[in-house]
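Student: The following comprises the amino acid sequence and a computationally predicted model.
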Amino acid sequence: MKTHVLLHSAQARLLALAAHFVTLAAAKTAFAGPPRCTDLEIDRAQGTRVVLKWTSPVPVSPEVLLELDIRMSNVPISTLNFNSRTRCDLVTDAGSPGIGQSVSITGLTLNTTYYFALKNRTASGWSTMSNLVSVTTGGPLASVTLAWDPNNEPEVTGYRLYYGTESGTYTSVIDVGNLVDRELSDLAYGTTYYFAVTAYSADGLESPLSNEVSYTP
């Protein structure tokens, strides 16, 4: 009977130790980095520029967010290749927990597909990788507003705006009437455009072309 009691006591001590280790493991798991970001998205994309937005995760107290790591690639990003993808160093501040964040990434290549993902870090480690988003650059057409000084000669009744993609060669012309500015909204990103203006009179006379200006959206 005495031996039986000792065995039970030893078993109780073993169970207590096992419970202690389980508690420690649970505590360690609770602080193994912040929660994963699940709402990363493309806010907008225009030409060679992409804007990402997401909500900073809320870590388990007393942990705080310390760092943000955004990666981009021309091939899909996974947990296996995340660290080898290009890091976007424009922003590394993780921001305030639960608050929306955004970053504008510029200088991308036109007509190219990019993939983006991110992680956040606390003192106990990095989160797992966020959801993956992708976009193909090019997006909507660009716009530009041109303005010129008025011609004060009394016979001038209007202006014509000439433009094209080669200097001195204008493949498009717009009669803007007596306005001295005009917005063009059908320009392709990455293409250089050249512009010049003429003045004309009611009897059909037209001035020489003005100086030329250029613009690359």
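Tutor: Yep, that arrived.
Student: CA only for contacts and neighbour counts going forward, please
Tutor: Fine.
Student: List of residues touching the host helix or strand of L184?
Tutor: Assigned by DSSP states H and E, L184 belongs to strand 181-187. Contacts with strand 181-187, where a contact means Cα atoms under 8 Å, 6 or more residues apart in numbering, come from L141, A142, S143, V144, T145, L146, A147, W148, V176, P217.
Student: do that again at 10 Å, thanks
Tutor: By Cα atoms under 10 Å, 6 or more residues apart in numbering, the residues outside strand 181-187 that reach it are 140-150, 159, 161, 174, 176, 193, 215-217.
Student: isn't E212 right next to Y163, touching?
Tutor: Yes - the pair E212 and Y163 passes the contact test of Cα atoms under 10 Å, sitting 9.3 Å apart.
Student: okay, and the common contacts of those two?
Tutor: Y194, F195, A196, V197.
Student: Among these, which lie within strands?
Tutor: Of the positions in these, Y194, F195, A196, V197 sit in strands, assigned by DSSP state E.
Student: Mind picking the two most distant members of those residues?
Tutor: Pairwise distances across those peak at 10.7 Å for Y194 and V197 (criterion: Cα to Cα).
Student: more neighbours, the two?
Tutor: A direct count of neighbours by other Cα atoms under 10 Å for Y194 and V197 places V197 higher, at 23 against 18.
Student: If anything else comes up later, I'll come back, but that's it for now.
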